[in-house]
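**Q** Just need the structure, nothing else, for what follows:
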Amino acid sequence: MEAEFFIASILNLLINLIYTIVSLFVGVYALLWVDKRLLKSVDIEGEMKKGNLAVSIFASTILIFVALIVAFGFRS
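**A** Coordinates of the predicted model:
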């Protein structure tokens, strides 16, 4: 009984890990696509170096959403 539970737990962990990795790649590529297509004239890194607070908030929001996707992937 304990071995079956251990195997099921490992399997569940692997499924969640695969989901997290796939979600992370899809999220990053979606963000890159949005950046290329919709934000052609905005240099996010350059604007952050100039001290533009709105661009910094936008970039940090994107990172928080990616982190949430990864965190929910590890929940079992």
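
**Q** where do the helices sit along the protein?
**A** Under the criterion DSSP state H, the chain carries helices at the ranges 2-37, 44-50, 53-74.

**Q** Now render those helices as a markdown table, adding mean pLDDT.
**A** Formatted as a markdown table, these follow (pLDDT from 0 to 100):
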| stretch | mean pLDDT |
| --- | --- |
| helix 2-37 | 82 |
| helix 44-50 | 84 |
| helix 53-74 | 79 |
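
**Q** Turn these into CSV, including mean neighbour count.
**A** For every residue, glycine as well, the C-beta is placed using N, CA and C. Shown next, in CSV, are the helices of the chain (neighbours: other C-beta atoms under 10 Å):
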stretch, mean neighbour count
helix 2-37, 11
helix 44-50, 12
helix 53-74, 13
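
**Q** what's the nearest residue to the residue nearest to the spatial centre of the chain if we skip its chain neighbours?
**A** Closest to where the C-alpha atoms of the chain average out (C-alpha atoms, centre = their mean) is residue 66, at 2.4 Å. Leaving aside its sequence neighbours, residue 66 sits nearest to residue 27 (C-beta to C-beta, 6 or more residues apart in numbering; 5.0 Å).

**Q** State the distance from the one you found to residue 16.
**A** Going from residue 27 to residue 16 by C-beta to C-beta, to the nearest Å gives 16 Å.

**Q** again with residue 28
**A** 19 Å.

**Q** before we move on, what about residue 44?
**A** Distance from residue 44 to residue 16, by C-beta to C-beta: 31 Å.

**Q** same question, residue 10
**A** 11 Å.

**Q** And residue 57, by the same measure?
**A** Relative to residue 16, and taking C-beta to C-beta, residue 57 is found at 30 Å.

**Q** my read: residue 24 touches residue 69, true?
**A** Yes. Taking contacts as C-beta atoms under 8 Å, residue 24 lies within contact range of residue 69: 6.5 Å.

**Q** I appreciate the help and will end here.
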